[in-house]
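>>> What follows is a protein structure lacking sequence information:
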């Protein structure tokens, strides 16, 4: 017999733990088989948001059927009109009906219970209408594209909204209106509307007549009264949903809606976000996750003599503005979190306190949730939830729950979703509605399934339903009974690190319990690529593939740090090691960003002291010039970070000649070249604009050209005359390579395989 180990719980139930640059794999553990041939085990899934969670699985050896019996809230929503909670994760879409106190699963979303493998890719998005009747979801299509579909729960039908959309989830794909009668969606860079009334009456106009005339989903936000606010440069437009059809049919592009306000800086939809208060009189703009500005919208003030102020909040090094929202009395509440998500603070803006942001709580707050009417907010702390009224002065309730993730307001109370348990508070009474995770599993002598969670024991009763029990009868897992033997088999180089095998004792056949994600890493048919650079040991442009489908990413930081925080989070989520090449301009202009890179765990090489075209005949590129430039870059990096650069480099624009190559060897550097020409830095008005390609074209070119051992260079930062950036859509490229069977390794791994 075993008890739940507290140290084991401490490891599993810490707040979100970032997955650093390491191989990301799905882990199976703790298999057990009952006397009546039920099988239980735990699947640990590291998702692309940078954390991992455990799912308890129950199945049968005779049918090879299995289902998840815990449901972690990767994505969740609550619908007061239907008294229904929905939880969506990599195992499926699950519904909890409050009135019947029961769970069920939607079948229009592929699920683990139907035999689908757990995917290593980002969770395909879903967008529920506020009234809960509809769900927008996507289906995989060919050639890295998806289709957008609408599911109608009342009619039990799915209809196609738009097909052949790029598989790009770097920004939201669709947004619902507050009254659920409209949604807007994006195709490429154009926004379109869709009317539910037109759907119900079967008179949907062709897509070309539903174009809104605005670009970028980050520029659009719904507000009270079913008004849609749209940014274009320094102007913000407002249009009512009832005007969509007439305006889209008659008006020219970029003239959709009335100008509602003007701000003193241009809104950049690629890097900025915004939220508007209930009356549309103030907007909060967040620039690149680090700077927040509050602007009164021009022309909306009541007094011509009033002095308009723009409060500004700038977060410290290592933190970012995680979320923001307005209460119903127009108090702005913003949440600041550390990059590793181990600490967070909440600030609020109170005009009565001199138009400045004030700290709301001295405690660490990991999330802030708003009630539907915005008259209360919830502060999610380490082991409790505090409910405040809209003035933020009075505590309404305090509930204990370990590692809370989400709070919902219901007709009679609250639903609290935690990292371990899920609770419903109704009329002051608390009841368990489900488990988010399980730490250990065991069968009883009479074949009942027990789960150990948070030093407590629960017994499984029905689909996703558990009851706490006083027993501590958790026995050691068994690998056989009178009929079957089970065991875990390693799968090197696979997303599934291991799979469960089932062998019937009276036969000589063995079956796999799960259908695994097919991602082939080693194949006899693969050619073994080798480098021919032994004649010049200090030049390197391709790794030996060793017969494995491996590639490496390098990030060139030139002179712009926009998007760095999101990029580091994305790389951490996918567990991908990269090499950053930074130059002196970047180091001196962005010391905080340079320190973030140095602390990220990725290797760092030199991109010379300044970024210029070395092929220009006006410059004399000799050995002394190169030596001084590399040495100065090393010194500046050490002064800024306290760390040394790796002795690897490449020139700006990868320019190379004999002098550069010879000097590299003399200085004991290794020059890292490239095979792929990726014009992600070329703008439409550049002198080299004939090389310009949009991101989608670049990504498909890479996927068509890549071979094992390829070094893929990506440029960080913001450039003039580009309206998309490859590093902002790097997830699409990463998932395309994963689907082709590639693993990502460090540049050092390729360098070590050179000889």
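Yep, it's here. Owing to the predicted nature of the structure, the values given are computational and were not obtained by experimental measurement.

>>> Which helix or strand contains residue 459?
Taking DSSP states H and E as the definition, one finds residue 459 inside strand 456-462.

>>> State the distance from the closest residue to residue 500 other than its chain neighbours to residue 41.
The shortest distance from residue 500 to any non-neighbouring residue, by C-beta to C-beta, 6 or more residues apart in numbering, is to residue 513 (3.8 Å). Placement of C-beta: from N, CA and C, glycine included. Counting by C-beta to C-beta, to the nearest Å, the gap between residue 513 and residue 41 amounts to 8 Å.

>>> list residues touching both of the two?
residue 500 (C-beta atoms under 8 Å, 6 or more residues apart in numbering).

>>> The closest residue to residue 83 other than its chain neighbours - how many residues pack around it?
In space, and not counting its chain neighbours, residue 83 is closest to residue 98: 4.2 Å by C-beta to C-beta, 6+ apart. The tally of other residues near residue 98 (other C-beta atoms under 10 Å) stands at 19.

>>> Residue 736 too?
Number of residues near residue 736 (other C-beta under 10 Å) recorded here: 19.

>>> can you give me how far the helix or strand harbouring it is from the chain middle?
In the assignment (DSSP H and E), residue 736 maps to helix 730-739. Between the centre of helix 730-739 and the centre of its host chain there is 13 Å, according to C-alpha atoms, centre = their mean, to the nearest Å.

>>> Going along the chain from that helix, find the next helix or strand for me.
Moving toward the C-terminus from helix 730-739, the next helix or strand (DSSP H and E) is strand 743-744.

>>> Mind giving me the packing neighbours of that following strand?
Counting contacts by 3 or more C-beta pairs under 8 Å, 6 or more residues apart in numbering; DSSP states H and E, strand 743-744 is packed against strand 550-557.

>>> what lines up beside the strand it packs on in the sheet?
Strand pairing for strand 550-557, determined by DSSP bridges: strand 578-582 (parallel), strand 711-716 (parallel), strand 743-744 (parallel).

>>> Could I get the buried residue list for that strand?
Neighbour-count burial for strand 550-557 flags 550, 551, 552, 553, 554, 555, 556, 557 (criterion: 16 or more other C-beta atoms under 10 Å).

>>> for stretch 666-685, same thing?
For stretch 666-685, by 16+ other C-beta under 10 Å, it's 669, 670, 671, 672, 673, 678, 679, 680, 681, 682, 683.

>>> What does the pLDDT read for the nearest residue to the fifth one once chain neighbours are set aside?
Here the nearest residue to residue 673 in space, its sequence neighbours aside, is residue 541; by C-beta to C-beta, 6+ apart that works out to 3.5 Å. At residue 541, the pLDDT value in this model is 86.

>>> how about residue 541, phi and psi?
Per-residue torsions, residue 541: phi -140, psi 0 (degrees, to the nearest 10).

>>> unless I'm mixing things up, it is touching residue 711, no?
Yes. Using C-beta atoms under 8 Å as the test, residue 541 is close enough to residue 711 to be in contact (6.9 Å).

>>> residues shared between the contacts of these two?
Counting by C-beta under 8 Å, 6+ apart, the shared contacts of residue 541 and residue 711 are 672, 673, 674, 675.

>>> residues touching the second one, list them.
With C-beta under 8 Å, 6+ apart as the criterion, the residues that contact residue 673 are 539, 540, 541, 650, 654, 656, 711.

>>> In strands only, show me these.
Applying DSSP state E to those, the entries found in strands are 539, 540, 711.

>>> one step back: and the residue nearest to residue 673, how many residues sit next to it?
19.

>>> which stretch of helix or strand covers the residue lying closest to residue 334 once chain neighbours are set aside?
Spatial nearest neighbour of residue 334, chain neighbours left out: residue 324 (4.1 Å); criterion: C-beta to C-beta, 6+ apart. Per DSSP H and E, residue 324 falls inside strand 319-326.

>>> Pairing partners for that strand, with directions?
Using DSSP bridges, strand 319-326 pairs in its sheet with strand 332-338 (antiparallel).

>>> List the contacts of the strand it pairs with.
For strand 332-338, the surrounding residues in contact (C-beta under 8 Å, 6+ apart) are 277, 282, 284, 292, 294, 313, 315, 318-327, 343-349, 357, 360, 365-368, 370, 377, 392.

>>> Check which element follows it along the chain.
Downstream of strand 332-338 (by DSSP H and E), the next one is strand 344-350.

>>> if I look at the nearest residue to residue 153 once chain neighbours are set aside, how far off is residue 193?
Nearest non-adjacent residue to residue 153, counting by C-beta to C-beta, 6+ apart: residue 133, 5.5 Å away. Residue 133 sits 18 Å away from residue 193, going by C-beta to C-beta.

>>> Likewise for residue 214?
According to C-beta to C-beta, residue 214 stands 11 Å off from residue 193.

>>> Please apply the same query to residue 479.
Residue 479 sits 57 Å away from residue 193, going by C-beta to C-beta.

>>> if you count what's nearby, which of these two comes out ahead?
Shown here are residue 479 and residue 193; by other C-beta under 10 Å, residue 193 has more neighbours (22 against 13).

>>> How is the most far-flung residue of the chain relative to its centre assigned, secondary-structure-wise?
Within the chain, residue 506 marks the point farthest from the mean C-alpha position, 47.5 Å out by C-alpha atoms, centre = their mean. Under DSSP: H, G, I helix; E, B strand; the rest coil, residue 506 falls in the coil class.
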